[in-house]
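Visitor: Sequence below, structure please.
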Amino acid sequence: MQRPTLILRLVILLSVALALLVGLGAGLARLGVSVDALSSQRGAAHGPLMISGFLGTLICMERAVALAALGRRYRFVYLVPLLGALGTVILLLGGISMIGKGLLFLAAVGLMSLFGIMWRRHPAPYIGIMALGAFSWLAGNFIWALGAPIYQVAHWWVAFLVLTITGERLELSRIQRLSPTSQRALLVISIAYILSVGLTLVNLDIGVRAVGLSLIAIALWLLRFDIASKAVQKRGLPRYVAICLLIGYLWLLIGGAVGILSGAVYAGLIYELFLHSVLLGFVFSMIFGHAPIILPSLTGRQISFNPLLYLPLALLHLALVYRAYGDLVGNVIARQHGGVLNAVAILLFFALMMHTLLKSRRA
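Guide: Numbering: from 1, shown residues only. Down below sits the predicted model:
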């Protein structure tokens, strides 16, 4: 890897790490737990920092690395995660502003263009599903920039992450040689999901219930066809990844059920339960499972499996169960303690990953 490219990757990853740290602190501040002055001031930016600053920029980086590996003519693709990193820095320095929103919108446009390149090279259902995810991010950032309320924007952002992960799981499941019918079925479900999210702009109550039904359909497809159901019988890293995935799929089912039962929610405890079932229970479980696979490609280092990774995984989900209990019964202490333990689990996971990377050798 050339030195300028390595430096650019490190700068982008630094912005991602800062977005994660401040985003977690901002989330705790929203629960009434003061961590530091900067995080407390960025409470309103919790969602944008975690979804766009942390995960959006990281996904852009992952796809840019994959395309850049195809040849020098694709080196320009690093501009996409760089836009995300710049937008993240604006959020970190000045809170929510039109400049930060604009840069993150451009990053979403760039991510759509990356999937356009991938589609031209190899049209496939998994690329189409991830492209739908990128479109969701673009649409969410667009209406966010126009001043739409966050309870509408959030459904587009959630769809971005759910569809990106779903597409990646389909991509990684190609080893099973899934039938064209099963792949098309997932693509149809994903399209129905996007239409359901669009419906929330017209009728929030019907739209959220349709979103919940779509999430359940995606979760059931993953539980039935994803390779995790077979990999869980293996040992070491494959079993750990499979456990992360299967638990995440169960949380996606729970999130879908909450959406169906709750309908239109604008804020409050049930709104938080819906979002965190998907974003913490599903998305972060996927991150815990995918990170040992993805980080080597981003850092150029080989890593070995560390059994201690089961510790933050267990803590994440036990704390989320406790937090969900707090949401259901209105127990403030349970919500706060659950939120703190969720943050500890995430930080512990990345600390273990950093330790493993530092001990690893170059690929």
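
Visitor: any low-confidence regions in the stretch 251-363 of the chain?
Guide: The model of the stretch 251-363 of the chain has pLDDT under 70 over residues 297-300, 360-363.

Visitor: quick one: the helices in it?
Guide: If DSSP state H, counting those that start in this stretch is used as the criterion, the helices of the stretch 251-363 of the chain fall at 269-276, 285-299, 310-329, 332-359.

Visitor: by contact count, what packs against the third one?
Guide: Helices and strands in packing contact with helix 310-329 are listed as helix 237-262, helix 269-276, helix 285-299, helix 332-359; criterion 3 or more CB pairs under 8 Å, 6 or more residues apart in numbering; DSSP states H and E. (C-beta placed from N, C-alpha, C; glycine too.)

Visitor: report the angle between the axes of that helix and helix 332-359?
Guide: Computed by axes from the mean of the first three to the mean of the last three CA atoms, to 10 degrees, the angle separating helix 310-329 from helix 332-359 equals 160 degrees.

Visitor: List the buried residues for helix 310-329?
Guide: Buried residues in helix 310-329, counting neighbours by 16 or more other CB atoms under 10 Å, are found at P312, L313, L315, L316, H317, A319, L320, Y322, R323, A324, G326, D327.

Visitor: So for the residue nearest the centre of the chain, what's the pLDDT?
Guide: Against the mean C-alpha coordinate of the chain, by CA atoms, centre = their mean, the closest residue is L161 at 4.4 Å. Confidence per residue is given as pLDDT, and for L161 that number is 96.

Visitor: Can you tell me how far the nearest residue to it once chain neighbours are set aside is from S113?
Guide: With CB to CB, 6 or more residues apart in numbering as the measure, V283 is the residue that lies nearest to L161, at 5.0 Å, once sequence neighbours are left out. Separation of V283 from S113 (CB to CB, to the nearest Å): 24 Å.

Visitor: In terms of neighbours, single out the busier of the two.
Guide: Looking at V283 and S113 with other CB atoms under 10 Å, you find the greater number of neighbours at V283, namely 22 against 14.

Visitor: got the contact list for that one?
Guide: Each residue near V283 by CB atoms under 8 Å, 6 or more residues apart in numbering is listed here: L55, L161, V162, I165, G248.

Visitor: thinking again about what came up before, how much space separates the residue nearest to L161 from V202?
Guide: V283 sits at a distance of 26 Å from V202 (criterion: CB to CB).

Visitor: Could you check how far stretch 242-253 is from the centre of its chain?
Guide: Distance of stretch 242-253 from its chain centroid, counting by CA atoms, centre = their mean, to the nearest Å, is 14 Å.

Visitor: likewise stretch 344-357?
Guide: How far stretch 344-357 lies from its chain's middle: 17 Å, per CA atoms, centre = their mean.
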